[in-house]
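1. sequence and predicted structure are below.
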Amino acid sequence: RVGGLAAGRGRQVEATLEHTQRVLDLVQPELRQLPLEQAQALYLAALLHNVGCGAHGATSRREHGGAPLARDVLYRLDLPGFLRDEVVHLVRSRNLPGVYLRRPPSVGRMLRLAWTLNTYLLSLLAEADCRALRLPETHRSYRAVVAFQERCRGLGILGREPAPLVPPERWRALTPPDAA
């Protein structure tokens, strides 16, 4: 019985590794079109997006997946902080576009997301994940990713930070001169 359990986990780990390789293959063409820092973030997020899912069973939906494990790996690689943070945020948020149709987030939540990470990279990762799972374009998750991309475009935040809530001239008027 123990051997069967180990064999089952071995197949699960193998399936996770194969899926990860498919995601990496699918993001590869996009990497050439991105600035270096964004390409690095997307590649590392694709590599680590399911970290922790195969070895110890699927992570809970309430958890942030393998984001803490991804952070540990990236620290050990001694990557710059901004790159490490972008990758961890992408790994943590990787399923967000896929559930977009179930409960569309408010404009405020979308803006906060865009201030936290690059929504274009997140949409590329989510789309590659759907394609790697070989989901048809009519599948709910795939349609949700497309709807997420369209909403980001509509809000002007696909791959861009939103404008500040307070215009710079108003901010300067509100802040003391020594605080700047």
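-> Thanks, I have the structure now.

2. when you work out contacts or count neighbours from here on, use the C-alpha atoms and nothing else.
-> Noted.

3. for Pro176, give its distance to Arg170.
-> Taking C-alpha to C-alpha, to the nearest Å as the measure, Pro176 falls 12 Å from Arg170.

4. between those two, what contacts are shared?
-> Common neighbours of Pro176 and Arg170 are not found (criterion: C-alpha atoms under 8 Å, 6 or more residues apart in numbering).

5. what helix or strand is Ala46 on?
-> For Ala46, the element it lies in under DSSP states H and E is helix 36-48.

6. tell me the mean pLDDT for that helix?
-> Model confidence over helix 36-48 averages 96 on the pLDDT scale.

7. got the buried residues for the helix or strand following that helix?
-> Using DSSP H and E, the helix or strand that follows helix 36-48 in sequence is helix 67-76. Applying a neighbour-count criterion of 16 or more other C-alpha atoms under 10 Å, one finds Ala67, Pro68, Ala70, Arg71, Leu74 buried in helix 67-76.

8. over to stretch 126-145?
-> Quick answer for stretch 126-145 (16+ other C-alpha under 10 Å): 126-132, 140-145.

9. separation between Leu133 and Leu69?
-> Distance, Leu133 to Leu69, by C-alpha to C-alpha: 23 Å.

10. next: Ser93.
-> Ser93 is 14 Å from Leu69, by C-alpha to C-alpha.

11. ok, now Arg140?
-> Counting by C-alpha to C-alpha - Arg140 and Leu69 are separated by 29 Å.

12. ditto for Val146
-> Val146 is 28 Å from Leu69, by C-alpha to C-alpha.

13. likewise Arg153?
-> Arg153 is 31 Å from Leu69, by C-alpha to C-alpha.

14. please enumerate the strands of the protein.
-> For the chain, no strands are identified by DSSP state E.

15. for this structure, which spans come out with low pLDDT?
-> Applying pLDDT under 70 to the chain flags the ranges 1-9, 54-65, 166, 171, 178-180.
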